[in-house]
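Trainee: Please find the sequence and the predicted model below.
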Protein chains: 2
Amino acid sequence: MNKNKPDYKRDFPQLISKLENLIIIGAFLPRERLVETDLSERMGVSRAWIRDALKILETKGLIKMVPYRGAIVAELTEKEVEEIFQVRVVLERLCNRLAAENFSPQDKSTLQELAAKIIQAHNENRIDEMIAANSKFHDHIMQMSNNDYLIQMLKQIRMRYYILNTFAWSNQEVLECIIQEHEKFITALEEKNYATLDSLAETHISYSKKLYLNQIRSRSQL
Amino acid sequence: MNKNKPDYKRDFPQLISKLENLIIIGAFLPRERLVETDLSERMGVSRAWIRDALKILETKGLIKMVPYRGAIVAELTEKEVEEIFQVRVVLERLCNRLAAENFSPQDKSTLQELAAKIIQAHNENRIDEMIAANSKFHDHIMQMSNNDYLIQMLKQIRMRYYILNTFAWSNQEVLECIIQEHEKFITALEEKNYATLDSLAETHISYSKKLYLNQIRSRSQL
DNA sequence: GTTTTCTAAATTGTCAACAATTTTTTTATC
DNA sequence: GATAAAAAAATTGTTGACAATTTAGAAAAC
(Lines give C-alpha, C1' and ligand atoms only; values in the text may rest on other atoms or scores of the structure.)
Protein backbone atom coordinates (compact mmCIF):
# COMPACT_ATOMS: atom_id res chain seq x y z
CA MET A 1 0.00 0.00 0.00
CA ASN A 2 1.09 3.52 -0.65
CA LYS A 3 -1.76 5.70 0.48
CA ASN A 4 -1.49 5.58 4.24
CA LYS A 5 -1.03 9.27 4.77
CA PRO A 6 -0.92 12.10 2.31
CA ASP A 7 2.63 13.42 2.18
CA TYR A 8 3.33 16.75 0.51
CA LYS A 9 6.91 16.04 -0.42
CA ARG A 10 5.94 12.83 -2.19
CA ASP A 11 2.41 13.49 -3.40
CA PHE A 12 2.58 17.03 -4.69
CA PRO A 13 5.29 16.46 -7.31
CA GLN A 14 3.34 13.36 -8.31
CA LEU A 15 0.25 15.47 -8.82
CA ILE A 16 2.18 17.84 -11.05
CA SER A 17 3.58 14.97 -13.13
CA LYS A 18 0.10 13.54 -13.57
CA LEU A 19 -1.29 16.85 -14.76
CA GLU A 20 1.68 17.36 -17.07
CA ASN A 21 1.11 13.95 -18.58
CA LEU A 22 -2.59 14.57 -19.04
CA ILE A 23 -1.80 17.72 -20.96
CA ILE A 24 0.99 16.13 -22.99
CA ILE A 25 -0.99 13.10 -24.08
CA GLY A 26 -3.77 15.42 -25.13
CA ALA A 27 -6.38 14.42 -22.56
CA PHE A 28 -7.27 18.08 -22.46
CA LEU A 29 -7.81 19.71 -25.80
CA PRO A 30 -6.06 23.01 -26.41
CA ARG A 31 -8.15 25.94 -25.18
CA GLU A 32 -10.12 23.59 -22.94
CA ARG A 33 -10.77 25.10 -19.52
CA LEU A 34 -9.30 23.25 -16.57
CA VAL A 35 -11.88 23.61 -13.81
CA GLU A 36 -10.38 23.44 -10.35
CA THR A 37 -13.22 21.65 -8.55
CA ASP A 38 -13.33 19.19 -11.43
CA LEU A 39 -9.64 18.35 -11.24
CA SER A 40 -9.87 18.31 -7.47
CA GLU A 41 -12.39 15.47 -7.56
CA ARG A 42 -10.73 13.56 -10.38
CA MET A 43 -7.31 13.66 -8.76
CA GLY A 44 -8.60 13.17 -5.24
CA VAL A 45 -6.82 16.16 -3.73
CA SER A 46 -7.95 19.47 -2.30
CA ARG A 47 -8.63 22.48 -4.48
CA ALA A 48 -5.72 24.32 -2.88
CA TRP A 49 -3.25 21.76 -4.18
CA ILE A 50 -4.77 21.97 -7.64
CA ARG A 51 -4.43 25.74 -7.57
CA ASP A 52 -0.79 25.51 -6.51
CA ALA A 53 -0.05 22.90 -9.16
CA LEU A 54 -1.66 25.01 -11.87
CA LYS A 55 0.44 28.01 -10.88
CA ILE A 56 3.56 25.94 -11.36
CA LEU A 57 2.39 24.53 -14.67
CA GLU A 58 1.87 28.11 -15.78
CA THR A 59 5.49 29.01 -15.04
CA LYS A 60 6.46 25.98 -17.11
CA GLY A 61 4.45 27.30 -20.01
CA LEU A 62 2.05 24.35 -20.23
CA ILE A 63 -1.06 26.34 -19.38
CA LYS A 64 -2.17 29.92 -19.32
CA MET A 65 -4.07 31.43 -16.43
CA VAL A 66 -6.50 34.30 -16.73
CA PRO A 67 -7.92 35.94 -13.58
CA TYR A 68 -11.40 34.70 -12.74
CA ARG A 69 -11.37 32.53 -15.86
CA GLY A 70 -8.97 29.87 -14.75
CA ALA A 71 -6.47 27.81 -16.66
CA ILE A 72 -6.49 26.83 -20.31
CA VAL A 73 -4.08 24.56 -22.10
CA ALA A 74 -1.40 26.61 -23.81
CA GLU A 75 -1.14 26.68 -27.57
CA LEU A 76 2.07 26.92 -29.52
CA THR A 77 2.29 29.31 -32.43
CA GLU A 78 4.67 28.72 -35.32
CA LYS A 79 6.82 31.59 -34.13
CA GLU A 80 7.12 30.01 -30.68
CA VAL A 81 8.14 26.67 -32.18
CA GLU A 82 10.84 28.41 -34.21
CA GLU A 83 12.09 30.14 -31.07
CA ILE A 84 12.07 27.04 -28.92
CA PHE A 85 13.90 24.97 -31.51
CA GLN A 86 16.57 27.61 -31.98
CA VAL A 87 17.33 27.25 -28.28
CA ARG A 88 16.96 23.50 -28.35
CA VAL A 89 19.66 23.10 -30.98
CA VAL A 90 22.37 24.84 -29.00
CA LEU A 91 21.45 23.09 -25.76
CA GLU A 92 21.44 19.63 -27.36
CA ARG A 93 24.77 20.36 -28.99
CA LEU A 94 26.23 21.35 -25.65
CA CYS A 95 24.78 18.21 -24.13
CA ASN A 96 26.33 15.98 -26.78
CA ARG A 97 29.69 17.69 -26.42
CA LEU A 98 29.75 17.15 -22.67
CA ALA A 99 28.53 13.59 -23.07
CA ALA A 100 31.37 12.87 -25.47
CA GLU A 101 33.89 14.29 -23.03
CA ASN A 102 32.65 11.98 -20.30
CA PHE A 103 32.20 8.96 -22.56
CA SER A 104 33.08 5.64 -20.91
CA PRO A 105 33.02 2.00 -22.13
CA GLN A 106 30.14 1.37 -19.78
CA ASP A 107 28.14 4.14 -21.44
CA LYS A 108 28.89 2.54 -24.79
CA SER A 109 27.39 -0.81 -23.87
CA THR A 110 24.37 0.81 -22.24
CA LEU A 111 23.67 2.90 -25.30
CA GLN A 112 24.19 -0.01 -27.68
CA GLU A 113 21.77 -2.15 -25.71
CA LEU A 114 19.15 0.59 -25.87
CA ALA A 115 19.74 1.15 -29.59
CA ALA A 116 19.26 -2.57 -30.20
CA LYS A 117 16.09 -2.54 -28.13
CA ILE A 118 14.75 0.33 -30.20
CA ILE A 119 15.33 -1.50 -33.46
CA GLN A 120 13.89 -4.73 -32.13
CA ALA A 121 10.79 -3.04 -30.78
CA HIS A 122 10.40 -1.28 -34.08
CA ASN A 123 10.64 -4.49 -36.09
CA GLU A 124 8.09 -6.17 -33.83
CA ASN A 125 5.86 -3.14 -34.16
CA ARG A 126 5.76 -2.46 -30.41
CA ILE A 127 5.50 1.28 -30.60
CA ASP A 128 5.20 1.98 -26.88
CA GLU A 129 8.30 -0.04 -26.07
CA MET A 130 10.19 1.72 -28.81
CA ILE A 131 9.25 5.16 -27.54
CA ALA A 132 10.23 4.14 -24.03
CA ALA A 133 13.63 2.83 -25.12
CA ASN A 134 14.22 5.92 -27.21
CA SER A 135 13.41 8.05 -24.20
CA LYS A 136 15.87 6.11 -22.08
CA PHE A 137 18.52 6.53 -24.75
CA HIS A 138 18.21 10.28 -24.67
CA ASP A 139 17.95 10.37 -20.90
CA HIS A 140 21.22 8.51 -20.67
CA ILE A 141 22.92 11.00 -22.98
CA MET A 142 21.65 13.78 -20.72
CA GLN A 143 22.98 12.06 -17.62
CA MET A 144 26.35 11.66 -19.31
CA SER A 145 26.60 15.43 -19.63
CA ASN A 146 26.91 15.56 -15.84
CA ASN A 147 25.31 19.00 -15.85
CA ASP A 148 22.13 19.03 -13.79
CA TYR A 149 21.23 22.57 -14.75
CA LEU A 150 21.45 21.71 -18.44
CA ILE A 151 19.35 18.60 -17.84
CA GLN A 152 16.72 20.66 -16.10
CA MET A 153 16.65 23.11 -19.01
CA LEU A 154 16.39 20.34 -21.60
CA LYS A 155 13.54 18.68 -19.73
CA GLN A 156 11.77 21.99 -19.44
CA ILE A 157 12.15 22.66 -23.15
CA ARG A 158 11.06 19.15 -24.05
CA MET A 159 7.96 19.53 -21.91
CA ARG A 160 7.18 22.68 -23.82
CA TYR A 161 7.04 21.10 -27.26
CA TYR A 162 5.82 17.68 -26.20
CA ILE A 163 2.36 19.16 -26.19
CA LEU A 164 2.41 18.55 -29.91
CA ASN A 165 4.05 15.19 -29.68
CA THR A 166 1.01 12.99 -29.81
CA PHE A 167 1.07 12.12 -33.45
CA ALA A 168 4.62 12.91 -34.43
CA TRP A 169 5.73 9.35 -33.84
CA SER A 170 3.20 7.95 -36.26
CA ASN A 171 5.31 9.09 -39.23
CA GLN A 172 6.93 5.89 -40.47
CA GLU A 173 9.44 7.57 -42.74
CA VAL A 174 10.84 9.65 -39.90
CA LEU A 175 11.11 6.61 -37.68
CA GLU A 176 13.35 4.73 -40.11
CA CYS A 177 15.58 7.72 -40.42
CA ILE A 178 15.92 8.35 -36.69
CA ILE A 179 16.53 4.71 -35.84
CA GLN A 180 19.36 4.30 -38.31
CA GLU A 181 21.25 7.22 -36.83
CA HIS A 182 21.64 5.90 -33.30
CA GLU A 183 24.66 3.80 -34.26
CA LYS A 184 26.35 6.67 -36.02
CA PHE A 185 25.66 8.77 -32.97
CA ILE A 186 27.31 6.34 -30.56
CA THR A 187 30.38 6.14 -32.77
CA ALA A 188 30.65 9.91 -32.99
CA LEU A 189 30.40 10.15 -29.21
CA GLU A 190 33.19 7.63 -28.75
CA GLU A 191 35.45 9.36 -31.24
CA LYS A 192 34.55 12.79 -29.83
CA ASN A 193 33.79 13.79 -33.40
CA TYR A 194 32.07 17.09 -32.63
CA ALA A 195 31.42 18.02 -36.24
CA THR A 196 29.44 14.84 -36.81
CA LEU A 197 27.63 15.21 -33.50
CA ASP A 198 26.62 18.74 -34.41
CA SER A 199 25.35 17.79 -37.83
CA LEU A 200 23.44 14.79 -36.49
CA ALA A 201 21.75 16.99 -33.90
CA GLU A 202 21.09 19.64 -36.51
CA THR A 203 19.36 17.34 -38.98
CA HIS A 204 17.51 15.41 -36.30
CA ILE A 205 16.12 18.56 -34.71
CA SER A 206 15.28 20.36 -37.92
CA TYR A 207 13.35 17.29 -39.03
CA SER A 208 11.56 17.18 -35.72
CA LYS A 209 10.72 20.85 -36.10
CA LYS A 210 9.16 20.30 -39.49
CA LEU A 211 6.90 17.65 -38.02
CA TYR A 212 5.70 20.00 -35.30
CA LEU A 213 5.09 22.83 -37.72
CA ASN A 214 3.07 20.55 -39.97
CA GLN A 215 1.00 19.49 -37.01
CA ILE A 216 0.31 23.06 -35.98
CA ARG A 217 -0.75 23.96 -39.48
CA SER A 218 -3.08 20.99 -39.75
CA ARG A 219 -4.62 21.81 -36.39
CA SER A 220 -5.17 25.45 -37.17
CA GLN A 221 -7.40 24.41 -40.07
CA LEU A 222 -10.02 23.03 -37.69
CA MET B 1 -2.32 57.41 -6.87
CA ASN B 2 -1.88 53.77 -7.56
CA LYS B 3 -3.24 51.98 -4.56
CA ASN B 4 -6.99 52.33 -4.97
CA LYS B 5 -7.75 48.66 -5.13
CA PRO B 6 -5.51 45.66 -4.90
CA ASP B 7 -5.32 44.05 -8.33
CA TYR B 8 -3.90 40.57 -8.70
CA LYS B 9 -2.75 40.94 -12.27
CA ARG B 10 -0.79 44.07 -11.42
CA ASP B 11 0.21 43.59 -7.80
CA PHE B 12 1.22 39.95 -7.65
CA PRO B 13 3.98 40.10 -10.27
CA GLN B 14 5.14 43.26 -8.50
CA LEU B 15 5.34 41.37 -5.24
CA ILE B 16 7.46 38.69 -6.88
CA SER B 17 9.82 41.28 -8.38
CA LYS B 18 10.22 42.93 -4.99
CA LEU B 19 11.08 39.66 -3.31
CA GLU B 20 13.47 38.73 -6.11
CA ASN B 21 15.23 42.06 -5.71
CA LEU B 22 15.48 41.69 -1.96
CA ILE B 23 17.17 38.34 -2.41
CA ILE B 24 19.44 39.54 -5.21
CA ILE B 25 20.68 42.63 -3.39
CA GLY B 26 21.41 40.45 -0.42
CA ALA B 27 18.81 41.85 1.99
CA PHE B 28 18.38 38.28 3.12
CA LEU B 29 21.54 36.43 3.93
CA PRO B 30 21.96 32.96 2.47
CA ARG B 31 20.41 30.32 4.72
CA GLU B 32 18.31 32.98 6.40
CA ARG B 33 14.75 31.81 6.97
CA LEU B 34 12.03 33.76 5.23
CA VAL B 35 9.14 33.85 7.67
CA GLU B 36 5.77 34.17 6.00
CA THR B 37 4.02 36.31 8.61
CA ASP B 38 7.07 38.54 8.67
CA LEU B 39 7.10 39.10 4.92
CA SER B 40 3.33 39.45 4.97
CA GLU B 41 3.55 42.46 7.28
CA ARG B 42 6.56 44.02 5.63
CA MET B 43 5.10 43.79 2.14
CA GLY B 44 1.58 44.65 3.22
CA VAL B 45 -0.11 41.66 1.59
CA SER B 46 -1.84 38.57 2.91
CA ARG B 47 0.09 35.48 3.89
CA ALA B 48 -1.56 33.52 1.09
CA TRP B 49 0.05 35.77 -1.50
CA ILE B 50 3.42 35.42 0.18
CA ARG B 51 3.06 31.65 0.11
CA ASP B 52 2.18 31.67 -3.58
CA ALA B 53 5.08 33.99 -4.37
CA LEU B 54 7.54 31.81 -2.48
CA LYS B 55 6.40 28.74 -4.41
CA ILE B 56 7.20 30.51 -7.66
CA LEU B 57 10.55 31.74 -6.41
CA GLU B 58 11.35 28.13 -5.59
CA THR B 59 10.71 27.01 -9.17
CA LYS B 60 13.05 29.81 -10.25
CA GLY B 61 15.73 28.41 -7.99
CA LEU B 62 16.08 31.50 -5.80
CA ILE B 63 14.93 29.85 -2.60
CA LYS B 64 14.52 26.37 -1.25
CA MET B 65 11.44 25.25 0.61
CA VAL B 66 11.39 22.56 3.26
CA PRO B 67 8.08 21.25 4.62
CA TYR B 68 7.15 22.83 7.95
CA ARG B 69 10.42 24.74 7.95
CA GLY B 70 9.66 27.28 5.30
CA ALA B 71 11.84 29.00 2.77
CA ILE B 72 15.54 29.70 2.89
CA VAL B 73 17.64 31.63 0.42
CA ALA B 74 19.28 29.24 -2.02
CA GLU B 75 23.01 28.86 -2.07
CA LEU B 76 25.11 28.20 -5.12
CA THR B 77 27.83 25.60 -5.00
CA GLU B 78 30.89 25.79 -7.23
CA LYS B 79 29.60 22.87 -9.26
CA GLU B 80 26.31 24.65 -9.86
CA VAL B 81 28.11 27.80 -11.01
CA GLU B 82 30.15 25.72 -13.46
CA GLU B 83 26.97 24.13 -14.77
CA ILE B 84 25.07 27.36 -15.11
CA PHE B 85 27.89 29.10 -16.91
CA GLN B 86 28.32 26.24 -19.36
CA VAL B 87 24.72 26.81 -20.36
CA ARG B 88 25.05 30.56 -20.27
CA VAL B 89 27.86 30.57 -22.80
CA VAL B 90 25.92 28.78 -25.52
CA LEU B 91 22.77 30.81 -24.94
CA GLU B 92 24.62 34.14 -25.05
CA ARG B 93 26.38 33.05 -28.22
CA LEU B 94 23.07 32.19 -29.83
CA CYS B 95 21.70 35.53 -28.70
CA ASN B 96 24.60 37.46 -30.22
CA ARG B 97 24.31 35.54 -33.46
CA LEU B 98 20.62 36.32 -33.81
CA ALA B 99 21.22 39.93 -32.81
CA ALA B 100 23.84 40.25 -35.53
CA GLU B 101 21.45 38.83 -38.10
CA ASN B 102 18.83 41.43 -37.19
CA PHE B 103 21.27 44.30 -36.82
CA SER B 104 19.93 47.66 -38.02
CA PRO B 105 21.42 51.19 -38.13
CA GLN B 106 18.96 52.21 -35.46
CA ASP B 107 20.28 49.48 -33.18
CA LYS B 108 23.76 50.77 -33.80
CA SER B 109 23.02 54.28 -32.60
CA THR B 110 21.08 53.00 -29.59
CA LEU B 111 23.94 50.75 -28.55
CA GLN B 112 26.55 53.44 -29.10
CA GLU B 113 24.60 55.89 -26.96
CA LEU B 114 24.41 53.34 -24.18
CA ALA B 115 28.08 52.47 -24.46
CA ALA B 116 28.94 56.18 -24.20
CA LYS B 117 26.69 56.51 -21.18
CA ILE B 118 28.45 53.61 -19.50
CA ILE B 119 31.88 55.17 -20.00
CA GLN B 120 30.70 58.57 -18.85
CA ALA B 121 29.05 57.21 -15.74
CA HIS B 122 32.17 55.24 -15.02
CA ASN B 123 34.42 58.31 -15.34
CA GLU B 124 32.14 60.31 -13.06
CA ASN B 125 32.10 57.43 -10.60
CA ARG B 126 28.32 57.03 -10.71
CA ILE B 127 28.21 53.31 -10.21
CA ASP B 128 24.44 52.90 -10.10
CA GLU B 129 23.99 54.74 -13.39
CA MET B 130 26.70 52.66 -14.95
CA ILE B 131 25.13 49.40 -13.89
CA ALA B 132 21.76 50.61 -15.16
CA ALA B 133 23.16 51.57 -18.56
CA ASN B 134 25.04 48.30 -18.80
CA SER B 135 21.83 46.45 -18.05
CA LYS B 136 20.02 48.36 -20.78
CA PHE B 137 22.81 47.55 -23.21
CA HIS B 138 22.44 43.85 -22.66
CA ASP B 139 18.65 44.05 -22.64
CA HIS B 140 18.78 45.68 -26.04
CA ILE B 141 20.97 42.92 -27.41
CA MET B 142 18.46 40.41 -26.10
CA GLN B 143 15.57 42.25 -27.75
CA MET B 144 17.49 42.27 -31.03
CA SER B 145 17.54 38.47 -30.99
CA ASN B 146 13.77 38.59 -31.54
CA ASN B 147 13.43 35.28 -29.70
CA ASP B 148 11.18 35.65 -26.67
CA TYR B 149 11.83 32.13 -25.46
CA LEU B 150 15.57 32.71 -25.50
CA ILE B 151 15.09 36.00 -23.68
CA GLN B 152 13.05 34.27 -21.01
CA MET B 153 15.77 31.63 -20.58
CA LEU B 154 18.52 34.22 -20.36
CA LYS B 155 16.61 36.22 -17.76
CA GLN B 156 15.98 33.08 -15.78
CA ILE B 157 19.63 32.12 -15.87
CA ARG B 158 20.74 35.64 -14.97
CA MET B 159 18.41 35.65 -11.99
CA ARG B 160 20.03 32.45 -10.86
CA TYR B 161 23.56 33.77 -10.63
CA TYR B 162 22.72 37.35 -9.71
CA ILE B 163 22.38 36.13 -6.15
CA LEU B 164 26.14 36.46 -6.02
CA ASN B 165 26.25 39.72 -7.89
CA THR B 166 26.36 42.11 -4.99
CA PHE B 167 30.06 42.71 -4.87
CA ALA B 168 31.17 41.57 -8.31
CA TRP B 169 30.90 45.10 -9.67
CA SER B 170 33.26 46.50 -7.10
CA ASN B 171 36.24 44.99 -8.90
CA GLN B 172 37.82 47.96 -10.67
CA GLU B 173 40.08 45.93 -12.91
CA VAL B 174 37.18 43.96 -14.34
CA LEU B 175 35.22 47.12 -14.95
CA GLU B 176 37.91 48.66 -17.16
CA CYS B 177 38.13 45.48 -19.14
CA ILE B 178 34.41 45.10 -19.69
CA ILE B 179 33.86 48.72 -20.60
CA GLN B 180 36.52 48.76 -23.29
CA GLU B 181 34.94 45.84 -25.07
CA HIS B 182 31.56 47.35 -25.80
CA GLU B 183 32.84 49.15 -28.89
CA LYS B 184 34.49 46.05 -30.26
CA PHE B 185 31.26 44.24 -29.63
CA ILE B 186 29.14 46.70 -31.59
CA THR B 187 31.53 46.52 -34.52
CA ALA B 188 31.48 42.74 -34.51
CA LEU B 189 27.69 42.78 -34.50
CA GLU B 190 27.59 45.11 -37.47
CA GLU B 191 30.07 43.04 -39.43
CA LYS B 192 28.38 39.81 -38.42
CA ASN B 193 31.80 38.62 -37.35
CA TYR B 194 30.69 35.53 -35.48
CA ALA B 195 34.17 34.40 -34.52
CA THR B 196 34.86 37.66 -32.73
CA LEU B 197 31.42 37.65 -31.12
CA ASP B 198 32.01 34.16 -29.82
CA SER B 199 35.41 34.94 -28.39
CA LEU B 200 34.18 38.16 -26.77
CA ALA B 201 31.34 36.30 -25.12
CA GLU B 202 33.70 33.52 -24.12
CA THR B 203 36.24 35.75 -22.37
CA HIS B 204 33.58 38.00 -20.85
CA ILE B 205 31.69 35.10 -19.35
CA SER B 206 34.71 33.15 -18.19
CA TYR B 207 35.93 36.26 -16.41
CA SER B 208 32.53 36.74 -14.84
CA LYS B 209 32.60 33.14 -13.74
CA LYS B 210 35.92 33.53 -11.99
CA LEU B 211 34.52 36.45 -10.00
CA TYR B 212 31.58 34.39 -8.84
CA LEU B 213 33.73 31.45 -7.90
CA ASN B 214 36.03 33.72 -5.89
CA GLN B 215 33.05 35.12 -4.09
CA ILE B 216 31.73 31.71 -3.22
CA ARG B 217 35.09 30.63 -1.89
CA SER B 218 35.47 33.73 0.25
CA ARG B 219 31.97 33.27 1.63
CA SER B 220 32.45 29.65 2.48
CA GLN B 221 35.28 30.60 4.77
CA LEU B 222 32.86 32.38 7.13
C1' DG C 1 -37.10 35.08 -34.67
C1' DT C 2 -33.29 37.86 -33.15
C1' DT C 3 -31.04 40.80 -30.08
C1' DT C 4 -30.58 42.84 -25.56
C1' DT C 5 -30.98 42.91 -20.66
C1' DC C 6 -31.41 40.91 -16.47
C1' DT C 7 -31.08 36.92 -13.24
C1' DA C 8 -29.14 32.64 -11.54
C1' DA C 9 -25.48 29.38 -11.54
C1' DA C 10 -20.82 28.21 -11.76
C1' DT C 11 -16.13 29.33 -11.03
C1' DT C 12 -12.25 31.62 -9.23
C1' DG C 13 -10.01 34.64 -5.52
C1' DT C 14 -9.46 35.84 -0.60
C1' DC C 15 -9.24 35.37 4.04
C1' DA C 16 -9.21 33.77 8.76
C1' DA C 17 -9.52 30.09 11.87
C1' DC C 18 -7.65 25.78 13.05
C1' DA C 19 -4.42 21.57 12.73
C1' DA C 20 0.31 19.76 12.25
C1' DT C 21 5.03 20.40 12.86
C1' DT C 22 9.11 22.51 14.27
C1' DT C 23 11.76 25.56 17.25
C1' DT C 24 12.55 27.69 21.55
C1' DT C 25 12.08 27.95 26.36
C1' DT C 26 11.42 26.02 30.68
C1' DT C 27 11.73 22.47 33.96
C1' DA C 28 13.54 18.35 35.93
C1' DT C 29 17.24 15.07 36.70
C1' DC C 30 21.74 13.64 37.39
C1' DG D 1 26.54 23.22 35.78
C1' DA D 2 25.43 20.07 31.94
C1' DT D 3 22.16 17.04 29.82
C1' DA D 4 17.62 15.35 28.83
C1' DA D 5 12.67 15.58 28.94
C1' DA D 6 8.52 18.29 28.83
C1' DA D 7 5.89 22.40 27.96
C1' DA D 8 5.19 26.60 25.44
C1' DA D 9 5.72 29.42 21.53
C1' DA D 10 6.30 30.17 16.85
C1' DT D 11 5.71 28.76 12.22
C1' DT D 12 3.90 26.32 8.41
C1' DG D 13 0.04 23.52 6.21
C1' DT D 14 -4.95 22.77 5.46
C1' DT D 15 -9.60 23.58 5.20
C1' DG D 16 -13.96 25.69 4.49
C1' DA D 17 -16.77 29.65 4.19
C1' DC D 18 -17.56 33.72 1.79
C1' DA D 19 -16.63 37.56 -1.75
C1' DA D 20 -15.71 38.85 -6.58
C1' DT D 21 -16.18 37.77 -11.23
C1' DT D 22 -17.47 35.43 -15.18
C1' DT D 23 -20.52 32.36 -17.77
C1' DA D 24 -24.92 30.44 -19.03
C1' DG D 25 -29.69 30.77 -19.25
C1' DA D 26 -34.15 33.04 -18.99
C1' DA D 27 -36.98 36.93 -19.72
C1' DA D 28 -38.02 41.09 -22.15
C1' DA D 29 -37.96 44.18 -26.04
C1' DC D 30 -37.93 44.92 -30.69
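Mentor: On my side now, so go ahead.

Trainee: Bridge partners for the closest residue to DNA strand C within chain A, pull those for me.
Mentor: Nearest residue of chain A to DNA strand C, counting by Cβ to the nearest atom of the strand: A:Gly70, 3.0 Å away. Using the backbone N, CA and C atoms, a C-beta is placed for each residue, glycine as well. Legend: beta-bridge partners of A:Gly70 under DSSP bridges are A:Val66.

Trainee: So it sits against A:Thr37, correct?
Mentor: No - the pair A:Gly70 and A:Thr37 fails to qualify as a contact (Cβ atoms under 8 Å) at a distance of 10.4 Å.

Trainee: how about the residue of chain A closest to DNA strand C, what does it touch?
Mentor: By Cβ atoms under 8 Å, 6 or more residues apart in numbering or on different chains, A:Gly70 lies in contact with A:Arg33, A:Leu34, A:Val35, A:Glu36.

Trainee: export those to CSV and tack on neighbour count and distance to chain B?
Mentor: Output for the contacts of A:Gly70, formatted as CSV (neighbours: other Cβ atoms under 10 Å in any protein chain shown; distance: Cβ to the nearest Cβ, whole Å):
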residue, neighbour count, distance to chain B
A:Arg33, 13, 18
A:Leu34, 19, 18
A:Val35, 13, 19
A:Glu36, 18, 14
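
Trainee: Just checking, which helix or strand of chain A averages the lowest pLDDT?
Mentor: Of all helical and strand segments in chain A, the minimum by mean pLDDT, DSSP states H and E falls on helix A:172-190, at a mean of 83.

Trainee: So which residues make contact with it?
Mentor: Helix A:172-190 is contacted by residues A:96, A:99-100, A:103, A:107-108, A:111-112, A:115, A:118-119, A:122, A:134, A:137, A:168-169, A:193, A:196-197, A:200, A:204, A:207, A:211 when judged by Cβ under 8 Å, 6+ apart.

Trainee: Which SSE is immediately downstream of it?
Mentor: Beyond helix A:172-190 on the C-terminal side, the first helix or strand identified by DSSP states H and E is helix A:194-220.

Trainee: Name the residues of the helix or strand where A:Asn21 lies that are buried.
Mentor: Using DSSP H and E, A:Asn21 sits in helix A:8-24. Going by neighbour count (16 or more other Cβ atoms under 10 Å in any protein chain shown), the buried part of helix A:8-24 is A:Asp11, A:Phe12, A:Leu15, A:Ile16, A:Leu19, A:Glu20, A:Leu22, A:Ile23, A:Ile24.

Trainee: pLDDT wise, what is the residue nearest the centre of chain A at?
Mentor: Taking Cα atoms, centre = their mean, the centroid of chain A lies closest to A:Arg158, which sits 3.8 Å from it. Here, the pLDDT recorded for A:Arg158 equals 90.

Trainee: Can you name the residues of chain A that neighbour DNA strand D?
Mentor: A:Pro6, A:Tyr8, A:Ser46, A:Ala48, A:Trp49, A:Pro67, A:Tyr68, A:Arg69 (Cβ under 7 Å from any atom of the strand).

Trainee: most surrounded residue in those residues?
Mentor: The residue in the residues of chain A next to DNA strand D with the most neighbours, by other Cβ atoms under 10 Å in any protein chain shown, is A:Trp49 (20 neighbours).

Trainee: quick one on the thing from earlier: give me the subset of the contacts of A:Gly70 lying in strands.
Mentor: Cross-referencing these against strands under DSSP state E gives A:Arg33, A:Leu34.

Trainee: could you pick out which of the contacts of A:Gly70 are near DNA strand C?
Mentor: Counting by Cβ under 7 Å from any atom of the strand, A:Arg33, A:Leu34, A:Val35, A:Glu36 from these sit close to DNA strand C.

Trainee: Go ahead and confirm the second one touches A:Lys64.
Mentor: No - because the distance of 10.3 Å does not satisfy Cβ under 8 Å, A:Leu34 is recorded as not touching A:Lys64.

Trainee: Check the gap between A:Thr77 and B:Met159 for me.
Mentor: Plainly put, A:Thr77 is 25 Å away from B:Met159 if you go by Cβ to Cβ, to the nearest Å.

Trainee: Tell me which of the two has more neighbours.
Mentor: The neighbour comparison of A:Thr77 against B:Met159 (other Cβ under 10 Å) goes to B:Met159, with 16 against 10.

Trainee: Does that one belong to a helix, a strand or coil?
Mentor: When classified by DSSP: H, G, I helix; E, B strand; the rest coil, B:Met159 comes out as helix.

Trainee: pretty sure it is touching B:Lys60, no?
Mentor: Yes - counting by Cβ under 8 Å, B:Lys60 is a contact partner of B:Met159 at 6.1 Å.

Trainee: what residues are shared contacts of these two?
Mentor: Residues touching both B:Met159 and B:Lys60 (Cβ under 8 Å, 6+ apart): B:Glu20.

Trainee: Roughly how far does the residue nearest to the centre of chain A sit from B:Leu76?
Mentor: For A:Arg158 relative to B:Leu76 (Cβ to Cβ), the value is 25 Å.

Trainee: Same check on A:Ser17?
Mentor: For A:Ser17, the distance to B:Leu76 - Cβ to Cβ - is 27 Å.

Trainee: what about chain A, any weak spots by pLDDT?
Mentor: Chain A contains residues with pLDDT under 70 at A:1-6, A:30, A:163-174, A:220-222.
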